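Student: below are the sequence and a predicted model; questions follow.
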Amino acid sequence: MLSRHFLRAKALQAIYSYKTSGVTDPVSAGKSFDYNIGRLNELGALQLAALREVVAAGRQVIEDGLHKHLPSYEDLHPSYRVVDSPFLARLFSNFDYRQQTEQYTFPWSENADVMRKIYIGFKETDKYRNFIATEEGDFATEQRMALDLFKYIINEEHFRELFSERSLLWEDDFDQMAQYNYATLKSLNDADLDEAFRLPMMNDLREERDVEAYQFARQLVIDTCKGIDANEQLIRKYLHNWEFERVALMDILLINMAITEFTCCPSIPERVTVDEYIELSKEFSTDKSKIFVNGILDKLMLELRAAGKIKKSGRGLYAPDEEERGDEK
């Protein structure tokens, strides 16, 4: 599932695009967010599909070796352990796996040589040799091989280039999605992996929690874009010794988003909001941004609270001098 931290980061990207593109309709920013999040599932599905494509390429490598004019001993005595892996066969026959990986087009056939090189390269690894040396039939061993193969595929330079060429946004999301897929494959067990097992997606709208998190982030994008001009006037009041135009745009947008959470999200504790945007400033802005963002948010929060614009319910209300900050549940 998508974490709220990750969703906030994607919301920031949509808001940044809205602010810099000259678009004036906040709803369009929401649609941009929809598109970018929707493509995450496509990226994840194609990464998982690569397992099937490399296995198919491996089978072709074996067949080509058997039909060489002057085959080597290895050509005539190939191992089918990877291409006939029971774990991979069960995964590939899973309904959700087939549905997810077959709904998106990708030029697999045009890049068959890349898939062949990946299979041949994997055969040269110690992971492969150790797998071949084990006895067949153990679920954990077969699963471990699949994880090693997936990791090898994901880290292969030419494979990564295929995805960078397809979408620049995917370059940023590639590793995050790969980690999710790796964890998903690792979580599968012998008792559950069958055709009917429900394979989770990173943005799984079949799950209520994912729907709620997605709707939160989407509304955050729209509400922030709607209030950006008014919020910037508020921010200017606290820029002592700074010209607004000299402040990093990313810092201004992060503060805008935090103001929206303060005023529009009653169930999210103030301290959670402050912590989240300090963390995002570390990831997306300058080295000094965390101090700047923290200081401005402390002042803004006191003003908004005094004006009755912050109305929080439940635990977790924030005091600027608190040393201990909580985590969002």
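Tutor: Arrived safely. Fair warning: this is a prediction, and the values are worked out from it, not measured in the lab.

Student: name the next helix or strand downstream of the lowest-mean-pLDDT helix or strand in the chain, please.
Tutor: Scoring the helices and strands of the chain by mean pLDDT, DSSP states H and E places helix 73-76 at the bottom, with a mean of 86. Next in sequence after helix 73-76, counting helices and strands by DSSP states H and E, comes helix 86-93.

Student: got the contact list for that following helix?
Tutor: With contacts defined as C-beta atoms under 8 Å, 6 or more residues apart in numbering, helix 86-93 is touched by 51-52, 55, 82, 97-98, 137, 139, 142-143, 145-146, 185, 188, 193-195. Any C-beta I mention is one placed from the backbone N, CA and C, and that applies to glycine too.

Student: next SSE downstream of it?
Tutor: Following helix 86-93 toward the C-terminus (DSSP H and E): helix 95-102.

Student: name the helices or strands packed onto the least confident helix or strand of the chain?
Tutor: Counting contacts by 3 or more C-beta pairs under 8 Å, 6 or more residues apart in numbering; DSSP states H and E, helix 73-76 is packed against helix 26-66.

Student: now residue 78: how far from residue 293?
Tutor: Separation of residue 78 from residue 293 (C-beta to C-beta, to the nearest Å): 58 Å.

Student: could you chop the protein up by domain?
Tutor: Following automatic domain parsing, one gets these domains for the chain: 4-187, 227-306.

Student: dump those to TSV, plus distance to residue 209 and mean neighbour count.
Tutor: Formatted as TSV, those follow (distance: least, C-beta to C-beta, whole Å; neighbours: other C-beta atoms under 10 Å):
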stretch	distance to residue 209	mean neighbour count
domain 4-187	10	16
domain 227-306	14	17
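
Student: mind listing the strands for the stretch 151-300 of the chain?
Tutor: Using DSSP state E, counting those that start in this stretch, no strands are found in the stretch 151-300 of the chain.

Student: where does it have low pLDDT?
Tutor: Counting by pLDDT under 70, not a single residue of the stretch 151-300 of the chain qualifies.

Student: need the helices for it, in chain order.
Tutor: In the stretch 151-300 of the chain, helices defined by DSSP state H, counting those that start in this stretch lie at 157-166, 168-187, 208-226, 228-236, 249-264, 270-284, 289-306, listed in chain order.

Student: dump the ones you listed to JSON lines, plus distance to residue 115.
Tutor: What follows is the helices of the stretch 151-300 of the chain, written out as JSON lines (distance: least, C-beta to C-beta, whole Å):
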{"stretch": "helix 157-166", "distance to residue 115": "8"}
{"stretch": "helix 168-187", "distance to residue 115": "17"}
{"stretch": "helix 208-226", "distance to residue 115": "32"}
{"stretch": "helix 228-236", "distance to residue 115": "46"}
{"stretch": "helix 249-264", "distance to residue 115": "39"}
{"stretch": "helix 270-284", "distance to residue 115": "34"}
{"stretch": "helix 289-306", "distance to residue 115": "43"}
